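S.K.: Return atomic coordinates for the entry below.
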Amino acid sequence: MDNLYLLHPCTGIDGTGYQDGIRTGSAKLKDTRLTLVHPFYNERNRFERQVEVWRGWSDYVRSKVDILLVDDGSPNPVHTYITPEIEEILSAFNFSIHRIRKDLKWNTPGALNLGLTMAATDWVLIMDSDCSLSNEDMERLLDADPEEGAVYKFPRRQVGLETEDLTNTRYLRCTILFHRSIFLDTLGGFDEDFSGEYSGGYAYFDVDLDSRIFKATQDIPVFIWNNITTTYWMPSICDLVKRNKEDERVNRRLFYAKEAERETTLQIRNPTPILRFRHWRSYHNERS
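M.R.: Residues are numbered from 1 along each chain as shown. All right, here's what the predicted structure looks like:
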């Protein structure tokens, strides 16, 4: 348990639950299953890169992890990228793609809400399409004993620029492990009011979720899992300079308005409806 760093302390938990911020005595993930949720939008290269990561996972990981992709209304649907070779790799998993029917601009919060809603397991790990976990890290995660009432984040290892950054311990806001009851019942999912604008750097729906977690009147501790590292494939310099400053300003103003309202209401649950779109499951296979 020394590998957990308490980022957001909780209050009101007695010594039988947390000791110096660390939970003891809960069930291990290896006794259950885990769903990995990835949102995708027109990202064939990233999809094929993820498939190569999954190919390297052990039989133990494959037997414990369901993979659920959400196609966010891509003009080129993700399931059309599945070749016979990829089909063979995916046959080792419980694998599904849920496709949003309409191409809504920057609907990442909606796509993630759909993935969390459709997951068949209690524990869910959400990750951006440009992030992955190695086989070794997945095995460590599956052997862990997370607490149902907590949120877990992971340090990142950046690759893709001139050199690999092996020392960056900042966490990615959208790589999160939690129990579905925390996400759906307590927090009410991502706020889809933030769909529609994206700067390429700050979409603010993830900032909004972090803010609600940290303001929780209920006890939601947030841990950084120091011995499990997310590989983050950095976008190209060209992609980085495409940030839309006006979109960022729109979402920033929206975030501050919601923050001001929360100061008054003390409400951490998302007050807006989720899943404001039609969707269908375009591809599915169950591991035999």
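S.K.: The stretch 1-150 of the chain: strands as residue ranges?
M.R.: With DSSP state E, counting those that start in this stretch, the ranges of strands along the stretch 1-150 of the chain come out as 4-8, 18-19, 22-23, 34-40, 65-71, 94-100, 123-126, 131-132.
S.K.: sorry, that was for the stretch 151-288 of the chain
M.R.: 151-159, 171-179, 222-225, 230-233, 279-285.
S.K.: In a markdown table: the ones you listed, plus mean pLDDT and distance to residue 90.
M.R.: (Each C-beta comes from the backbone N, C-alpha and C, glycine too.) Shown next, in a markdown table, are the strands of the stretch 151-288 of the chain (pLDDT from 0 to 100; distance: least, C-beta to C-beta, whole Å):
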| stretch | mean pLDDT | distance to residue 90 |
| --- | --- | --- |
| strand 151-159 | 82 | 24 |
| strand 171-179 | 84 | 22 |
| strand 222-225 | 84 | 27 |
| strand 230-233 | 80 | 20 |
| strand 279-285 | 78 | 7 |
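S.K.: Minimum distance to residue 53: which of these has it?
M.R.: strand 230-233 (8.1 Å; C-beta to C-beta).
S.K.: Out of the strands of the stretch 151-288 of the chain, which is closest to residue 85?
M.R.: Of the strands of the stretch 151-288 of the chain, nearest to residue 85 by C-beta to C-beta is strand 279-285, at 14.9 Å.
S.K.: Partner strands of the closest one, with direction?
M.R.: strand 94-100 (antiparallel) (DSSP bridges).
S.K.: and the partner strand with strand 65-71, angle?
M.R.: With axes from the mean of the first three to the mean of the last three C-alpha atoms, to 10 degrees as the basis, strand 94-100 and strand 65-71 are set at 20 degrees to each other.
S.K.: mind listing what's buried in strand 94-100?
M.R.: 94, 95, 96, 97, 98, 99, 100 (16 or more other C-beta atoms under 10 Å).
S.K.: State the pLDDT value of the first one.
M.R.: Note for residue 94: predicted pLDDT of 94.
S.K.: Please shift the residue numbers so they start at 549 in all later answers.
M.R.: Happy to do that; since the first residue is 549 now, the last one works out to residue 642.
S.K.: any chance of the strands of the stretch 699-836 of the chain in JSON lines, with mean neighbour count and distance to residue 594 too?
M.R.: Shown next, in JSON lines, are these (neighbours: other C-beta atoms under 10 Å; distance: least, C-beta to C-beta, whole Å):
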{"stretch": "strand 699-707", "mean neighbour count": "20", "distance to residue 594": "13"}
{"stretch": "strand 719-727", "mean neighbour count": "20", "distance to residue 594": "14"}
{"stretch": "strand 770-773", "mean neighbour count": "21", "distance to residue 594": "23"}
{"stretch": "strand 778-781", "mean neighbour count": "20", "distance to residue 594": "7"}
{"stretch": "strand 827-833", "mean neighbour count": "14", "distance to residue 594": "17"}
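S.K.: And those strands: which comes nearest residue 591?
M.R.: strand 778-781 (10.7 Å).
S.K.: what residues does the closest one touch?
M.R.: 594, 597, 675, 678-682, 702-708, 719-720, 723 (C-beta atoms under 8 Å, 6 or more residues apart in numbering).
S.K.: Reformat the strands of the stretch 699-836 of the chain as TSV; add distance to residue 743.
M.R.: Converted to TSV, those look like this (distance: least, C-beta to C-beta, whole Å):
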stretch	distance to residue 743
strand 699-707	22
strand 719-727	14
strand 770-773	24
strand 778-781	23
strand 827-833	14
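S.K.: Find the centremost residue of the protein, please.
M.R.: By C-alpha atoms, centre = their mean, the chain has its centre lying nearest to residue 674, at 2.1 Å.
S.K.: what residues are up against that residue?
M.R.: 585, 586, 660, 663, 664, 722, 723, 724.
S.K.: Which strand residues bridge it?
M.R.: Where residue 674 sits in a bridge, its partners, by DSSP bridges, are residue 585, residue 724.
S.K.: That'll do, ta.
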